[in-house]
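S.K.: everything below, folded, please.
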Amino acid sequence: MKLRSTYTTLITAVALMLAMSACHSNKQPGTTGYENVTSDERSVESVYTSLTGAYQPWSDVQMPVKMSLTEPRRISVSGTLNMQYGKAMSISLKALFFEIATIYADNDSLVIVSKMADAYFSESLESLRRYSGLDLRDMQSLLLGQLFVPGGARATSHERKKFDLTALTAGDNNSQEIAIKLVPRNLPAGVNAYFTAIQAPAVQEPALLRSLDLNANTSNLKFGFHDTESTPAGPAASELEINAGLKERKFKAGVTLNYGRATWGRGSKIEKPAIPHSARRLTFAQIYKLMQSL
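M.R.: Residues are numbered from 1 along each chain as shown. From the prediction side, this is the model:
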């Protein structure tokens, strides 16, 4: 029973982090690890242009994925990620060769069905949007580690005016690397968020998205994007690191995407998972309790 609860907590907690269901606050997130500096405005603009100019439109993708929890406990599961841009996405997860859970989201709802625990979680995407200001397309871009305009799809050169840009530095950084902070302008009331991106000295290489920071009433979340690879969608992170604070508890989770085995543009269909009649419905309060018990 303890193993079932742990798997259920891992699957649901990571999914809810990705959905940003708790990201509403009146606190302004800080810039931990960086400080604001005066910089040539053209340099800051060039990072945004380089970052967004490398992105490419995509319709659908399927690839192997691994989800892991490393703090306060260690556990991981593997599966398959399937996404249709702006339409639907699912992650089918397995342990010991058996399917144990499915995470599904479309423009109407987020559904998580855990066969191992005979339980499920369901919430309308609209209610999640009210907290975070993010839609399905935003969550898909988040998984790929690509910049997006909250509620407005992928970022391009045309969306430049939807961000406030500030130059950043890491203090003793002598590599001439340019780091910038990107703050979305049109977030809902109570939602605070900012991205960071870097441009290496070798300007022929595209700029890279490094992190997304959010603060909530009793928690804060930081998404780190690592091991960027070249894909048909442009530069995309193969490692998504999630750090969350929930009162005094700290959680660290990760999502690893295998682009080497990804298939793009095949038009694969995504079906909403069936909920077994015997499955019990989990609430936010129950998930919170499970997370506190880890």
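
S.K.: correct me, but residue 67 touches residue 91?
M.R.: Yes. Counting by Cβ atoms under 8 Å, residue 67 touches residue 91, with 7.4 Å between them. Every C-beta, even on glycine, is put in place using the N, C-alpha and C of the backbone.

S.K.: shared neighbours, those two?
M.R.: residue 79 (Cβ atoms under 8 Å, 6 or more residues apart in numbering).

S.K.: pLDDT averaged over stretch 135-146, what's the number?
M.R.: Averaged over stretch 135-146, pLDDT sits at 93.

S.K.: and what of stretch 66-76?
M.R.: On average, stretch 66-76 scores 81.

S.K.: next: stretch 227-242.
M.R.: 95.

S.K.: same check, this time on stretch 161-172
M.R.: Rounded mean pLDDT across stretch 161-172 is 78.

S.K.: what does stretch 94-113 give?
M.R.: Per-residue scores along stretch 94-113 average to 85.

S.K.: how about the strands in the stretch 101-250 of the chain?
M.R.: 109-114, 119-124, 163-169, 178-184, 193-199, 208-215, 219-231, 234-246, 249-257 (DSSP state E, counting those that start in this stretch).

S.K.: need those in JSON lines (columns: distance to residue 61 and mean neighbour count).
M.R.: Listed next are the strands of the stretch 101-250 of the chain as JSON lines, based on distance: least, Cβ to Cβ, whole Å; neighbours: other Cβ atoms under 10 Å:
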{"stretch": "strand 109-114", "distance to residue 61": "19", "mean neighbour count": "22"}
{"stretch": "strand 119-124", "distance to residue 61": "25", "mean neighbour count": "18"}
{"stretch": "strand 163-169", "distance to residue 61": "26", "mean neighbour count": "17"}
{"stretch": "strand 178-184", "distance to residue 61": "25", "mean neighbour count": "22"}
{"stretch": "strand 193-199", "distance to residue 61": "22", "mean neighbour count": "21"}
{"stretch": "strand 208-215", "distance to residue 61": "18", "mean neighbour count": "22"}
{"stretch": "strand 219-231", "distance to residue 61": "8", "mean neighbour count": "18"}
{"stretch": "strand 234-246", "distance to residue 61": "10", "mean neighbour count": "20"}
{"stretch": "strand 249-257", "distance to residue 61": "9", "mean neighbour count": "19"}
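
S.K.: what's around residue 232, how many residues?
M.R.: If you count neighbours by other Cβ atoms under 10 Å, residue 232 ends up with 15.

S.K.: could you find the closest non-adjacent residue to it?
M.R.: Excluding the flanking residues, the one nearest residue 232 by Cβ to Cβ, 6 or more residues apart in numbering is residue 264, at 4.6 Å.

S.K.: the one you found and residue 82 touch, don't they?
M.R.: No. Using Cβ under 8 Å, residue 264 is not in contact with residue 82; the gap is 11.8 Å.

S.K.: what do the two both touch?
M.R.: 60, 61.

S.K.: neighbour-wise, which of the two wins?
M.R.: Of the pair residue 264 and residue 82, residue 82 is the one with more neighbours under other Cβ under 10 Å, namely 21 against 15.

S.K.: in the sheet, who's paired with that one?
M.R.: Beta bridges link residue 82 to residue 62, residue 90, judged by DSSP bridges.

S.K.: can you map out the helices along the stretch 51-200 of the chain?
M.R.: Assigned by DSSP state H, counting those that start in this stretch, the helices in the stretch 51-200 of the chain fall at 125-132, 136-144.

S.K.: what's the most buried one of those?
M.R.: helix 136-144 (a mean of 23; mean count of other Cβ atoms under 10 Å).

S.K.: what does that helix rub up against?
M.R.: 18-20, 81, 83, 85-89, 105-107, 125, 134, 147-148, 150-151, 153-154, 212, 223, 231, 233, 236-237, 240, 255, 257.

S.K.: distance between it and the chain's centre?
M.R.: Offset of helix 136-144 from its chain centre (Cα atoms, centre = their mean, to the nearest Å): 6 Å.

S.K.: so that helix versus strand 234-246, what angle?
M.R.: Helix 136-144 and strand 234-246 are oriented at 100 degrees to each other (axes from the mean of the first three to the mean of the last three Cα atoms, to 10 degrees).

S.K.: that older thread, distance of the residue nearest to residue 232 from residue 120?
M.R.: With distances taken as Cβ to Cβ, to the nearest Å, residue 264 is found 30 Å from residue 120.
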